[in-house]
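A.B. asks: Provided below for reference: sequence and predicted model.
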Amino acid sequence: MFYPFYVIFSIYSYFSTNDFRMLIPFRLRQMRFSIAILSILLVTACVPEGFINKVKYQDETLVNTCQSFSTDINKLIESNTLPHLLAVSTFDNSEYSYYYLEPGQYELKADSLYFRLKNDLDYPRYLDKGVAIIVQLFAEKASGEAGSPEKIGEFTIDRRYYVTYRRPYFMYRFPLRGKNLSGRKLQLSFSIAAFNADGSLKEYFCESQSKPFGPIQPACCDVKPWEGTQLQSIVEIPTLEVSPDTFVYKGFDATFDVTFQEGAFSYSDKLLAYSLQGFIEKYRALHYEVRKIDLRGYASPGGSEAANLRLSEKRAEAVFEELTNMNASRKNLRITHKGAGEDWLKVEELVTRSRALSQAQRDEVLEIVLSDRDADGKERQLKRLDYWKKLEKEIFAPARHTYVSLSFEYIGKESTLSRYPEALPLGSGKMDEVARALIKVGPYKPGMDEEDELAVLNQVLSDKASANLYAMRATYHLAKKDFDKLYADLKSAAELDPDNEVYNRILTGYKIRFAEAAGRDKMASIFDEITAQTKANPKDRSLFLNRAILLEKMGRIDEALEEYRLLFDGVKPAPTHVNNRGVARLKSNRIREAEQDFLFAIDKNSRLAEPHFNLAALYAYRGFTSRSLTYLDRAIDRDPRFKDMIFNNPVFSVVSEDPKYDKYR
């Protein structure tokens with residue numbers, strides 16, 4: 001800052017010294033003193049408020065002030081106000097042998113953070129005549145921790161520093177000295193100051209020591225920018241062993257009617273009896289044995305109710321004796337019989353579907369049949385009708401019968417469902433279909449009609465639950481990506497087979513694989529589940545590897561990387577495990593380390609689709625279009641589902657505009 005009165009006072013003091021008086025005459029001294037004062041006042045009047053310095057820049061003289069510096073910082077803040085967006089390369093860098101970070105990109109390398117800002121400050125317009133800009137980096141506390149942001153470091157950018165490191169692009173570099181940035185949002189602040197020739201600090205401009213400009217929140221080092229990129233970790237999930245099963249009906253009921261002549265009760269139709277017995281033998285050959293036969297004898301209207309009751313009893317007994325004689329050797333067969341009197345329900349049915357009567361006649365008869373009169377009263381009313389004889393001979397004959405109900409039970413070796421729910425006419429095509437039915441269920445396989453198969457399986461499960469069947473249905477929910485139902489069925493399987501730990505392991509594995517769909521709130525409970533399993537099985541490395549994946553999905557990257565470090569210590573890691581570590585490294589902006597992991601996984605097992613896809617994503621981020629396309633082709637060749645993960649994916653948002661990607665649309 002300028003202090004004009006201090007300067008005037010100093011000049012006046014010097015002009016007042018004896019030495020000056022001896023050298024210059026008094027009037028000349030007076031004149032020169034006045035000129036000096038006037039010059040200082042003129043200079044002071046021309047200096048704008050908040051003056052920093054005057055710089056000759058690009059053939060133009062620029063006057064820098066606190067206001068101009070504040071305006072430039074605000075533009076910088078505005079350009080970097082979306083820290084949750086992934087800044088993918090906007091240029092095709094395929095032809096370049098070396099990769100430079102593009103504006104908005106970050107990389108952790110050798111315990112240092114490197115990055116470039118979008119629309120960065122035009123440093124040369126300020127860095128002159130001892131002026132430098134001080135940049136400070138802070139990191140917010142990790143999620144759940146209270147307190148002010150932690151200072152990570154600062155560095156001073158003067159003209160010499162900028163000229164040394166501006167080629168090919170100026171890049172910020174902050175040594176971390178072991179500080180953990182995982183899952184923490186960053187803040188950048190800027191101060192501007194004057195320095196002495198020896199490099200010591202002279203003063204801060206614009207009160208920027210106590211009130212630095214900013215903050216700017218760059219897109220590092222929270223995992224949020226990488227959300228939606230669908231980077232592929234390989235969760236270790238035990239094989240879900242599901243056995244196909246075949247079911248038959250536990251049994252079914254069949255019906256048969258034996259009719260009699262008017263007033264008759266003896267059963268002399270041997271052919272009919274043998275036919276009935278033939279059906280019993282036929283279905284026994286299909287492993288369905290008749291266990292119960294119920295006989296109900298009936299009479300038609302035409303006589304007193306009491307007489308008809310006795311007649312119905314004799315009719316039931318006649319069929320009972322014949323069937324008992326034919327099945328005397330069957331110890332498991334129980335035959336019951338009973339007379340039920342007049343069959344008014346049958347009469348109602350016969351009249352309703354009769355074609356021998358007109359509609360008016362049917363209505364008249366039904367009004368009597370459905371009335372509240374007793375049986376004899378109904379019969380008297382019917383006999384008064386002009387067409388009674390017609391009713392008696394053509395309509396009521398089938399009501400003189402014995403209704404035979406047979407109950408069949410399955411005696412074979414197949415698993416059984418409940419009984420078929422409807423009674424079937426004995427010997428009908430439907431009864432044959434039910435008796436021969438083999439209801440086969442199995443796990444989901446690509447190409448099958450999943451809705452039809454699932455409908456059958458739902459029917460089976462509604463009748464007969466088992467761990468195997470719930471696990472089987474889970475395969476369909478997995479294919480349909482219905483995760484809630486997948487988890488519910490695996491949980492039911494685990495409850496029905498508590499001695500089989502594999503169901504819980506599979507359940508937790510799928511929860512980790514699809515953790516993003518569950519949301520951050522549910523991830524904590526999943527973490528508790530997998531941690532409990534690691535405690536119960538401390539020697540099972542797959543559980544710890546899955547926990548590392550979950551930590552990465554939760555944004556706790558450094559914890560995930562530490563888990564991998566411990567797991568890989570002293571052992572030769574599998575390609576799938578190295579791929580998973582690469583995902584954690586990429587999400588933490590350890591770009592080169594992630595690339596090495598994916599290349600290692602591919603080198604050791606080229607059949608893996610996941611590292612090919614991850615490498616395609618990494619190269620898309622860096623703008624290496626050709627390389628990204630090469631590895632994407634290989635990923636899709638190994639697993640076609642990756643074709644659906646290109647468009648609407650932020651990491652492919654730029655490279656996918658290349659016409660070479662049209663084949664995937």
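C.D. replies: Good, I have the coordinates.

A.B. asks: how close does the most centrally placed residue in the chain sit to residue 476?
C.D. replies: In the chain, the C-alpha nearest the mean C-alpha coordinate belongs to residue 517, at 3.2 Å (C-alpha atoms, centre = their mean). Noted for residue 517: a distance of 18 Å to residue 476, by C-beta to C-beta, to the nearest Å. The C-beta positions use only the backbone N, C-alpha and C, and glycine is treated the same way.

A.B. asks: ok, back up a step: my guess is the residue nearest to the centre of the chain meets residue 483, correct?
C.D. replies: Yes: counting by C-beta atoms under 8 Å, residue 517 touches residue 483, with 5.8 Å between them.

A.B. asks: those helices in the stretch 251-400 of the chain, which residues are they?
C.D. replies: 270-285, 305-326, 344-352, 359-369, 375-383, 388-390 (DSSP state H, counting those that start in this stretch).

A.B. asks: and the stretch 551-665 of the chain, by the same measure?
C.D. replies: Counting by DSSP H, counting those that start in this stretch, the helices of the stretch 551-665 of the chain are 557-568, 575-587, 591-604, 610-622, 625-638.

A.B. asks: now those helices in a markdown table, with mean pLDDT?
C.D. replies: Formatted as a markdown table, the helices of the stretch 551-665 of the chain follow (pLDDT from 0 to 100):
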| stretch | mean pLDDT |
| --- | --- |
| helix 557-568 | 93 |
| helix 575-587 | 96 |
| helix 591-604 | 96 |
| helix 610-622 | 96 |
| helix 625-638 | 95 |
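
A.B. asks: any chance of these in JSON lines, plus mean neighbour count?
C.D. replies: What follows is these, written out as JSON lines (neighbours: other C-beta atoms under 10 Å):
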{"stretch": "helix 557-568", "mean neighbour count": "19"}
{"stretch": "helix 575-587", "mean neighbour count": "26"}
{"stretch": "helix 591-604", "mean neighbour count": "20"}
{"stretch": "helix 610-622", "mean neighbour count": "27"}
{"stretch": "helix 625-638", "mean neighbour count": "20"}
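
A.B. asks: tabulate these (JSON lines), appending distance to residue 387.
C.D. replies: Converted to JSON lines, the helices of the stretch 551-665 of the chain look like this (distance: least, C-beta to C-beta, whole Å):
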{"stretch": "helix 557-568", "distance to residue 387": "92"}
{"stretch": "helix 575-587", "distance to residue 387": "87"}
{"stretch": "helix 591-604", "distance to residue 387": "92"}
{"stretch": "helix 610-622", "distance to residue 387": "85"}
{"stretch": "helix 625-638", "distance to residue 387": "81"}
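
A.B. asks: which stretch among those comes nearest residue 278?
C.D. replies: helix 625-638 (61.4 Å; C-beta to C-beta).

A.B. asks: tell me which strands and helices that closest one is in contact with?
C.D. replies: helix 610-622 (3 or more C-beta pairs under 8 Å, 6 or more residues apart in numbering; DSSP states H and E).

A.B. asks: CA atoms only for the helix it packs on, dumped as CSV, please.
C.D. replies: Only the C-alpha atoms of helix 610-622 are listed here, as CSV (Å, rounded to 0.1, in the frame of the first residue of the first chain):
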residue,chain,number,x,y,z
GLU,A,610,-14.6,-56.7,-16.4
PRO,A,611,-11.0,-55.4,-16.6
HIS,A,612,-11.5,-54.8,-20.3
PHE,A,613,-14.6,-52.6,-19.6
ASN,A,614,-12.8,-50.8,-16.8
LEU,A,615,-9.8,-50.1,-19.0
ALA,A,616,-12.2,-48.8,-21.8
ALA,A,617,-13.7,-46.4,-19.2
LEU,A,618,-10.2,-45.3,-18.0
TYR,A,619,-9.1,-44.5,-21.6
ALA,A,620,-12.4,-42.8,-22.3
TYR,A,621,-11.7,-40.5,-19.3
ARG,A,622,-8.3,-39.7,-20.7
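
A.B. asks: just the angle between that helix and helix 575-587, please?
C.D. replies: Calculated by axes from the mean of the first three to the mean of the last three C-alpha atoms, to 10 degrees, helix 610-622 forms an angle of 20 degrees with helix 575-587.

A.B. asks: what's helix 610-622 packed up against?
C.D. replies: The contact analysis (3+ C-beta pairs under 8 Å, 6+ apart) places helix 610-622 against helix 575-587, helix 591-604, helix 625-638.

A.B. asks: for residue 47, find the nearest of the ones you listed.
C.D. replies: helix 591-604 (47.5 Å).

A.B. asks: now do the closest one: distance to the chain's middle.
C.D. replies: Centroid separation for helix 591-604 versus its chain: 27 Å, with C-alpha atoms, centre = their mean, to the nearest Å.

A.B. asks: averaged pLDDT, whichever strand or helix holds residue 67. What do you get?
C.D. replies: Taking DSSP states H and E as the definition, residue 67 sits inside helix 66-79. The pLDDT scores in helix 66-79 average 94.
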